[in-house]
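Visitor: okay, structure incoming, though there's no sequence with it:
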């Protein structure tokens with residue numbers, strides 16, 4: 001609705017012809033028409049999307065991979081990554097000894113962990129020459 005706000009020129013419901021030059025009033029009208037047109041298109045697109053989803057109508061069981069690939073809670077990160085690579089999956093359920101869900105490891109989790117570790121190493125690389133220069137003085 002940003003275009004709609006622009007069309008109102010600071011909250012006015014209609015542009016004041018005496019206050020603003022004719023060019024500004026025309027631009028405001030154009031923005032207002034654009035805002036209405038965009039709003040109608042978005043409403044129609046949302047309606048179309050809901051209709052398409054209703055036509056697909058499948059269950060979660062039809063979308064899931066079967067059998068479910070899991071890893072035990074005491075598995076190493078390297079093992080979990082090997083399973084994820086081998087099965088070409090981005091999310092891996094972690095189960096306890098009884099087979100109950102313990103948690104989930106995702107590719108995003110792994111990327112964040114690696115990024116954190118790399119940031120720590122980068123910090124050490126920056127700090128080391130500073131420490132070395134203090135030792136030599």
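Guide: In hand now; what should we look at? Worth saying up front: this structure is predicted, and the values here are computed from it rather than measured.
Visitor: can you count the residues close to the residue nearest to residue 107 when sequence neighbours are not counted?
Guide: Nearest residue to residue 107, sequence neighbours excluded (C-beta to C-beta, 6 or more residues apart in numbering): residue 90, at 4.3 Å. Every C-beta, even on glycine, is put in place using the N, C-alpha and C of the backbone. A count of nearby residues for residue 90, using other C-beta atoms under 10 Å, gives 11.
Visitor: phi first, then psi, for residue 90.
Guide: phi -100, psi -10 (degrees, to the nearest 10).
Visitor: what mean pLDDT does the strand or helix carrying residue 47 get?
Guide: Element membership of residue 47 [criterion: DSSP states H and E] is helix 22-56. Averaging pLDDT along helix 22-56 yields 69.
Visitor: return the distance of the very next helix or strand once past it from the chain's centre.
Guide: Using DSSP H and E, the helix or strand that follows helix 22-56 in sequence is helix 60-63. In terms of C-alpha atoms, centre = their mean, to the nearest Å, the centre of helix 60-63 is found 23 Å from the chain centre.
Visitor: same check on stretch 103-116?
Guide: The answer for stretch 103-116 is 15 Å, by C-alpha atoms, centre = their mean.
Visitor: just stretch 69-78 next, same as before
Guide: Using C-alpha atoms, centre = their mean, the offset of stretch 69-78 from its chain centre is 26 Å.
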